[in-house]
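Novice: please find the sequence and the predicted model below.
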Amino acid sequence: MTSFTMGKSLRRRFHRLGSLPYFYDVSARWAIWLAVPAVVCIAYTVIAGLVLVPPDYQQGDVFRILYIHVPSAWLSLFAYTTMAGAGVVALVWRLKLAEIFIVAAAPVGASFTGLALVTGAIWGEPTWGTYWVWDARLTSELILLFLYLGVIALHQSIASPRTAGRACALLSIVGVINVPIIHYSVVWWTTLHQGATLSLSGGSHMESDMLWPLLAGALGFSCLFGWLTLWGMRVQLLWRERRSRWVMRRIVNG
Amino acid sequence: MTRTRRRRLLLVMCLLVGLGGACALILIAFRQDMLYFHEPSAIAAGDVPINTRFRVGGLVAAGSVERPGDGLSVQFKISDCTATVPVRYRGTLPDLFREGQGVIAYGKLMADGEFVADRILAKHDSSYMSPDTAQALKAGTSDACLPANRQYSR
């Protein structure tokens, strides 16, 4: 195959993704490839975090909650960033699938944010001596939760799906300003929350025995996010196109 | 990319840049108020309002913890290497409270320079290791002399 025809076929595949029935059919297959690594990685993280990993030299066993807390906090930022990216695509290219992605990803991202806040509070009480303080990191993460809830509420309050999709895209883009603020809050200001344990440039302050289960957890949570969002998109798609022929046909045929 | 799409993309970018700029200005304007605690060197430099309650954060200076009297009261010094603040506190302490550990005290600075706290929080330092590793490392750490928010960030 020449590179010309290969480029052409790649392009055609990309364009076919814009076709909603095609996406509905292939996404069922993709979901399996996300579900399996999600379950495997999260199972490994939970077992390793609870049993295999040694206790921390200062916190003892309390630190084990970070195997849930840190991946969910990372994903809460990652999910919102992908929503903002989809928001740009939805506003500029008017791609229906991008609007559907935002609507499907918002509840998943909100769940990760809520999980990060709750596990952080449970960890904070024995470690810091308080469940909650209004420092820059905790407050900006709470604002992120409200942004997610805002996207969900906005979508439900507008009847026309296209208008709702565009409004949600705009809110996703506006809210993404908060993502770097959350990330750098522990650098820019003094906070009760500690600084980053891991960084892309500067290595980690964590023993490798403790680190691998955490990275597996991050991978597992990412796959979980993709999986749940994909299923959410399929549900949204069916609801939006419920009057169209292709949905009818698929429902009649089972 | 068609012309309309390019125009829409430009609009979205303008929106982001404008919002980012506005947020940056707001955050710079409230810079002092976004701090959760002040460091002892800021108090020594006179950057902290005296007649109001505020938080001071740093490391518990090595060898400074005293428990006079009934055992509930505790006196220690919070240090960030360039300056120290003597702190008096009565009440329960968080589990992680110990010498060399990051803490945040909430209270008021007295005229004699002593900080009377009514609440102490422990600040965790973002490094995790097993007790064995900590034992092995114990010989050569100098982290006790870095400000709490810059610990381990080298």
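Specialist: It's in. Since the structure is predicted, the reported quantities are computational estimates derived from the model, not experimental observations. Numbers count the residues shown, from 1 in each chain, chains lettered A, B, ... in the order given.
Novice: so which strand or helix has residue 107?
Specialist: Going with chain A. Here residue A:107 sits within helix A:96-127, counting by DSSP states H and E.
Novice: that's the wrong chain, I wanted chain B
Specialist: strand B:102-109.
Novice: how's chain B carved up into domains?
Specialist: Split into domains by automatic domain parsing, chain B comes to B:3-33, B:35-126+B:142-149.
Novice: which residues touch stretch B:57-75?
Specialist: The contact list for stretch B:57-75 (CB atoms under 8 Å, 6 or more residues apart in numbering or on different chains) reads A:190, B:36-40, B:76-80, B:84-91, B:93, B:97-105, B:123, B:144-149, B:151. The way it works is simple: take the backbone N, C-alpha and C, and place the C-beta from them, glycine included.
Novice: ok, residue 135 - how many residues close by?
Specialist: By default, I'm working from chain A. 21 (other CB atoms under 10 Å in any protein chain shown).
Novice: was after chain B, sorry
Specialist: Residue B:135, neighbours per other CB under 10 Å, totals 11.
Novice: what sits against it?
Specialist: Residues near residue B:135 by CB under 8 Å, 6+ apart: residue A:57.
Novice: how does it look with 10 Å?
Specialist: A:57, B:129 (CB atoms under 10 Å, 6 or more residues apart in numbering or on different chains).
Novice: each with direction, which strands does the strand holding residue B:107 pair with?
Specialist: Strand B:102-109 has the following sheet partners, assigned by DSSP bridges: strand B:54-60 (antiparallel), strand B:115-123 (antiparallel).
Novice: hmm, back to that, buried only: go through the contacts of stretch B:57-75 for me.
Specialist: Neighbour counting over these (16 or more other CB atoms under 10 Å in any protein chain shown) leaves A:190, B:36-40, B:76-80, B:84-89, B:93, B:97, B:101-105, B:123, B:144, B:146-149, B:151 as the buried ones.
Novice: so which of those sit within helices?
Specialist: residue B:40 (DSSP state H).
Novice: for the least confident helix or strand in chain B by mean pLDDT, buried residues please.
Specialist: For chain B, the helix or strand with the lowest mean confidence is helix B:131-137, at a mean of 72 (criterion: mean pLDDT, DSSP states H and E). Buried positions in helix B:131-137, judged by neighbour count with 16+ other CB under 10 Å: residue B:134.
Novice: what's the answer for stretch A:89-102, then?
Specialist: Buried residues in stretch A:89-102, defined by neighbour count with 16+ other CB under 10 Å: A:89-92, A:94-102.
Novice: nearest to chain B, of those residues?
Specialist: residue A:92 (4.5 Å; CB to the nearest CB).
Novice: got a pLDDT number for residue 52?
Specialist: With no chain named, the answer covers chain A. According to the prediction, residue A:52 has pLDDT 91.
Novice: can you look at chain B instead?
Specialist: 83.
Novice: not counting its neighbours along the chain, what's nearest it?
Specialist: Spatial nearest neighbour of residue B:52, excluding adjacent residues (CB to CB, 6 or more residues apart in numbering or on different chains): residue B:108 at 7.5 Å.
Novice: pretty sure residue B:107 is touching residue B:121, no?
Specialist: No: between residue B:107 and residue B:121 there is no contact under CB atoms under 10 Å: 11.8 Å.
Novice: check what pLDDT residue B:141 gets.
Specialist: On the pLDDT scale, residue B:141 gets 45.
Novice: near chain B, which of the buried residues of stretch A:89-102 show up?
Specialist: Subset of those in contact with chain B: A:91-92, A:94, counting by CB under 10 Å from any CB of the partner chain.
Novice: just send the residues you listed back as CSV, with distance to residue A:77, pLDDT and secondary structure too.
Specialist: Listed next are these as CSV, based on distance: CB to CB, whole Å; pLDDT from 0 to 100; DSSP: H, G, I helix; E, B strand; the rest coil:
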residue, distance to residue A:77, pLDDT, secondary structure
A:91, 21, 94, helix
A:92, 23, 94, helix
A:94, 27, 90, coil
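Novice: can those residues go into TSV with extra columns for distance to residue B:132?
Specialist: Compiled in TSV, these are given as follows (distance: CB to CB, whole Å):
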residue	distance to residue B:132
A:91	54
A:92	55
A:94	59
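Novice: residue A:170: which of those residues is nearest?
Specialist: Set against residue A:170, the nearest of those by CB to CB is residue A:91 (6.9 Å).
Novice: can you list the residues of the stretch 151-254 of chain A near chain B?
Specialist: Counting by CB under 10 Å from any CB, the stretch 151-254 of chain A comes close to chain B at A:169-170, A:173-178, A:180-181, A:185-199, A:202, A:204-207, A:209-211, A:214.
Novice: filter the residues you listed to the buried ones?
Specialist: Here, 16+ other CB under 10 Å leaves A:169-170, A:173-178, A:181, A:185-186, A:188-198, A:204-207, A:210-211, A:214 buried among those.
Novice: tell me which of those fall in helices.
Specialist: Those of those mapping onto helices are A:169-170, A:173-175, A:178, A:181, A:185-186, A:188, A:210-211, A:214, per DSSP H.
Novice: nearest spatial neighbour of residue 107, chain-adjacent residues omitted?
Specialist: Assuming you mean chain A. Excluding the flanking residues, the one nearest residue A:107 by CB to CB, 6+ apart is residue A:152, at 6.1 Å.
Novice: that's the other chain; I wanted chain B
Specialist: Leaving out its chain neighbours, residue B:107 is closest to residue B:117 (CB to CB, 6+ apart), at 3.7 Å.
Novice: just give me the neighbour total for that neighbour.
Specialist: Neighbours around residue B:117, by other CB under 10 Å: 23.
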